[in-house]
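J.: Model the following, please.
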Amino acid sequence: MKKIVIILIASLALLVGLWTQQNLKVDFTSLDGQEHRWSDSQGKWTVVNYFAEWCAPCLREIPELNHFFQQYNNDINMFAISFDPLNKSQLLALQQKYNIQFPIIDKLNLMPWNRPPNTLPTTYILDADGKVQKQLKGEQSAEKLIHTINVLKGL
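T.: Here you go, the predicted model:
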């Protein structure tokens, strides 16, 4: 009887541990230290933009992305990811130098696409469940982004 109780307690502890690990998993952390999961978008669509400092089109589109973020940040999540592996202080310097007004991902543990893009800039649009609905290559404008999202939503 004692062995059965010990086995039951150990099994329960294992199940609780697995549940906790799965439900508290962090997919990425933004520069401000906030932890995020792609599936926790709170019903919002998400725009993720890959950029690099050496990429002229990436830098040219930043004002448009800032405009999009300012206009739609209450309804649509937006994040940037540096294509180059940069540390936190380098990312903060880039953010300041180019006036990037939307959150930059500092630590990426899990991404909802297979691999980093092979061209820059590349922008991913994720639905409210965190699933990739569209990959856009090249410079984007605020107008094109909202149009694409509305088409994907069926509006």
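
J.: And the helices in the chain, which stretches?
T.: Ranges of helices in the chain, per DSSP state H, are 2-23, 56-72, 88-97, 142-153.

J.: From the chain's centroid, how far away is the third one?
T.: By that I understand helix 88-97. 18 Å (Cα atoms, centre = their mean, to the nearest Å).

J.: just the last one next, same as before
T.: Mean-position distance between helix 142-153 and its chain equals 18 Å (Cα atoms, centre = their mean).

J.: Can you tell me which helices and strands it packs against?
T.: strand 45-51, helix 56-72, strand 122-126, strand 132-137 (3 or more Cβ pairs under 8 Å, 6 or more residues apart in numbering; DSSP states H and E). To be clear about C-beta, it is placed using only N, CA and C from the backbone, and glycine gets the same treatment.

J.: Note down every partner strand of the first one and its orientation.
T.: In this case it means strand 45-51. Strand pairing for strand 45-51, using DSSP bridges, gives strand 76-82 (parallel), strand 122-126 (antiparallel).

J.: Take those strands and write them to TSV, including distance to residue 88.
T.: Shown next, in TSV, are the strands paired with strand 45-51 (distance: least, Cβ to Cβ, whole Å):
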stretch	distance to residue 88
strand 76-82	11
strand 122-126	23
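
J.: For residue 63, find the nearest of those strands.
T.: strand 76-82 (13.4 Å; Cβ to Cβ).

J.: that older thread, would a markdown table of the strands paired with strand 45-51 with distance to residue 27, mean neighbour count and mean pLDDT be doable?
T.: As requested, the strands paired with strand 45-51 are exported to a markdown table (distance: least, Cβ to Cβ, whole Å; neighbours: other Cβ atoms under 10 Å; pLDDT from 0 to 100):
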| stretch | distance to residue 27 | mean neighbour count | mean pLDDT |
| --- | --- | --- | --- |
| strand 76-82 | 11 | 21 | 97 |
| strand 122-126 | 11 | 22 | 97 |
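
J.: so which of the ones you listed gets nearest residue 136?
T.: strand 122-126 (4.5 Å).

J.: Could you tell me the angle between that closest one and helix 142-153?
T.: 40 degrees (axes from the mean of the first three to the mean of the last three Cα atoms, to 10 degrees).

J.: So what's the gap between strand 122-126 and the chain middle?
T.: 9 Å.

J.: go on, stretch 83-95?
T.: Distance, stretch centre to chain centre, for stretch 83-95: 16 Å (Cα atoms, centre = their mean).
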